[in-house]
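[1] next one to model:
(one chain, ligands or ions: 1)
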Amino acid sequence: MKSPITVSVTGGAGQVAYGLLFRLVNGEVFGADQPVSLIIKEVPQFVSKLEGVKMELEDCAFPTLHTVTITDNDEDAFRGANWALLVGAAPRGPGMERKDLLTMNGASFRDQGHAINKTAADDIRIVVVGNPCNTNCLIAMRHAPDVPRDRFSALTRLDQNRAMAQLAQKAGVQVADVTNVAIWGNHSSTQYPDFENARIGGKPAPDVIGDRSWLENTFIETVQKRGAAIIAARGTSSAASAANAVLDHVRSAVNKTKSGDWFSAAISSDGNPYGVPDGLIYGFPCRSDGKGDISLVEGVELTDYAKGKLDITTQELLGERSDVSELL
Ligand code: NAD
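    I've put the predicted structure just below:
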């Protein structure tokens, strides 16, 4: 066994965390020889629920689970952390406007950024899941000035997985045959799931599917609105698939990306070659060197159609950023 790494998860009493925590420490992400010291954080009124989660984690008797610590304090939550998965966020309350939610959650991501800057390990990597995840990630990043910007990412992997499943179903192939799926922009209904650069069995997806109208309309809308469709059908928001996407995101970061392929993550737009303004956390095609670093893939071709889609999601992210300007 290697020496333990420390992984922090916030929102530990929530439904995504319940789908995430057990698989995070069972060896399937960091390896069967990698012990994990887990720190789970909740807000004070729900921290007692974490006692139950901790008991269940212990009862799994995972050989890779080193210790479990529970806390309601940001500095303790990130102390010595190598990975911080920021899942916790408050849902929109009755009568609350989108801007109120942005500001309320933004303040907690500011505080978490401060705490990460102060107490996390030098090699900390942060994944923001709590919505609006791109802008929350931007806020946390701005308040952790000593942490290199490329350590921060937000989750667009669930959108990528949804897009891959739709393309595979339409083409009548297995999901494993679908590669090079990027989600550009915001994790919201303005995202652009890029079918033009996606590949099925190594060939361009539009050639294999042969139905541009389905791709431009049904496909994009299905992926953009999948979260709402799940709420309508299940009565509650996606949880197991979201947790699975967080695991995929981390797994993609710690394993070298296959030659020629990419995955989707939202990362800093600073210096990007695609004309997206600097200063945003933006979904791009990404690769990993296998050491945890996520970097942007350059040279992906964008048609005028795609550029139009990017403009829409860029405008939304600029609007979110201006709504939280006092927190940046
Ligand atoms: P949930 O309401 O079941 O759980 C959220 C938990 O976070 C609650 O227990 C709450 O007390 C806790 N929390 C709130 N603020 C916190 C803070 N500052 N520190 C620690 N804990 C805090 O929600 P859920 O279904 O588990 O979803 C969690 C978040 O993930 C939501 O914001 C949701 O919108 C988001 N989400 C994102 C994606 C994505 O693809 N990016 C997918 C699914 C869910």
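[2] list the buried residues in stretch 250-261.
    Val250, Ser252, Ala253, Val254, Thr257 (16 or more other Cβ atoms under 10 Å). Just so you know, the C-beta spots here come from the backbone N, C-alpha and C atoms, and that holds for glycine as well.
[3] ditto for stretch 320-328
    Quick answer for stretch 320-328 (16+ other Cβ under 10 Å): Glu320, Arg321, Asp323, Val324, Leu327.
[4] near the ligand at all, that stretch?
    No: against the ligand, stretch 320-328 shows no contacts by Cβ under 6 Å from any ligand atom, the least distance being 13.8 Å.
[5] same thing with stretch 92-109?
    Yes: judged by Cβ under 6 Å from any ligand atom, stretch 92-109 comes into contact with the ligand through Ser108.
[6] what do you get for stretch 175-183?
    No: between stretch 175-183 and the ligand, judged by Cβ under 6 Å from any ligand atom, nothing touches; the nearest distance is 9.8 Å.
[7] can you give me the end-to-end span of that stretch?
    Taking Cα to Cα, to the nearest Å, stretch 175-183 runs 16 Å from one end to the other.
[8] tell me which helix or strand the residue in the stretch 201-328 of the chain that the ligand sits nearest to sits in.
    Taking Cβ to the nearest ligand atom, the ligand has its nearest neighbour within the stretch 201-328 of the chain at Ala242, 3.3 Å off. Assigned by DSSP states H and E, Ala242 belongs to helix 240-254.
[9] any chance of the buried residues of stretch 250-261 in CSV with distance to Asp177 and pLDDT as columns?
    CSV is the format used below for these (distance: Cβ to Cβ, whole Å; pLDDT from 0 to 100):
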residue, distance to Asp177, pLDDT
Val250, 24, 98
Ser252, 18, 98
Ala253, 23, 98
Val254, 24, 97
Thr257, 17, 98
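[10] before we move on, back to that, I'd assumed Val16 was in contact with the residue of the stretch 201-328 of the chain closest to the ligand.
    Yes: under the criterion of Cβ atoms under 8 Å, Ala242 makes contact with Val16 at 4.8 Å.
[11] ok, the two, which is more surrounded?
    Val16 (27 against 22; other Cβ atoms under 10 Å).
[12] was I right about that one contacting Ser241?
    No: between Val16 and Ser241 there is no contact under Cβ under 8 Å: 9.5 Å.
[13] and the stretch 51-200 of the chain, which of its residues are near the ligand?
    The stretch 51-200 of the chain comes close to the ligand at residues 87-91, 108, 129-131, 133, 155, 158, 187, as judged by Cβ under 6 Å from any ligand atom.
[14] farthest pair within those residues?
    Ser108 and Leu158 (21.6 Å; Cβ to Cβ).
[15] between the two, which is the more surrounded one?
    More crowded of Ser108 and Leu158, by other Cβ under 10 Å: Leu158, with 24 against 20.
[16] distance from the chain centre to the strand or helix carrying the more buried one, please.
    Using DSSP H and E, Leu158 sits in helix 157-171. Taking Cα atoms, centre = their mean, to the nearest Å, the mean C-alpha location of helix 157-171 is offset from the chain mean by 16 Å.
[17] buried residues in that helix?
    Under the neighbour-count criterion of 16+ other Cβ under 10 Å, helix 157-171 has 157-168, 170-171 buried.
[18] what are the pairing partners of the helix or strand that comes right after that helix, and which direction each?
    Moving toward the C-terminus from helix 157-171, the next helix or strand (DSSP H and E) is strand 178-179. If you go by DSSP bridges, strand 178-179 pairs up with strand 199-200 (antiparallel).
[19] which other residues reach the strand it pairs with?
    Leu167, Ala168, Ala171, Val173, Asp177, Val178, Thr179, Asn180, Ala205, Val208, Ile209 (Cβ atoms under 8 Å, 6 or more residues apart in numbering).
[20] so can I have CSV of these showing pLDDT?
    Output for those, formatted as CSV (pLDDT from 0 to 100):
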residue, pLDDT
Leu167, 98
Ala168, 98
Ala171, 98
Val173, 98
Asp177, 98
Val178, 98
Thr179, 98
Asn180, 98
Ala205, 98
Val208, 98
Ile209, 98
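[21] for these, which one is nearest Val297?
    Nearest to Val297, judged by Cβ to Cβ, of the contacts of strand 199-200 is Asn180 at 9.2 Å.
[22] my guess is Asn244 meets Asn161, correct?
    Yes: using Cβ under 8 Å, Asn244 is in contact with Asn161, at 7.4 Å.
[23] which residues of the stretch 1-150 of the chain score low on pLDDT?
    Of all residues in the stretch 1-150 of the chain, none has pLDDT under 70.
[24] ranges for the helices of it?
    Along the stretch 1-150 of the chain, counting by DSSP state H, counting those that start in this stretch, helices occupy 15-24, 49-59, 74-77, 98-119, 133-142.
[25] anything in contact with each of Ala242 and Val16?
    Val129.
[26] what about the residue of the stretch 1-150 of the chain found nearest the ligand, distance to Ala89?
    Closest to the ligand within the stretch 1-150 of the chain is Gly14: 2.0 Å, counting by Cβ to the nearest ligand atom. Gly14 sits at a distance of 9 Å from Ala89 (criterion: Cβ to Cβ, to the nearest Å).
[27] all set now, cheers.
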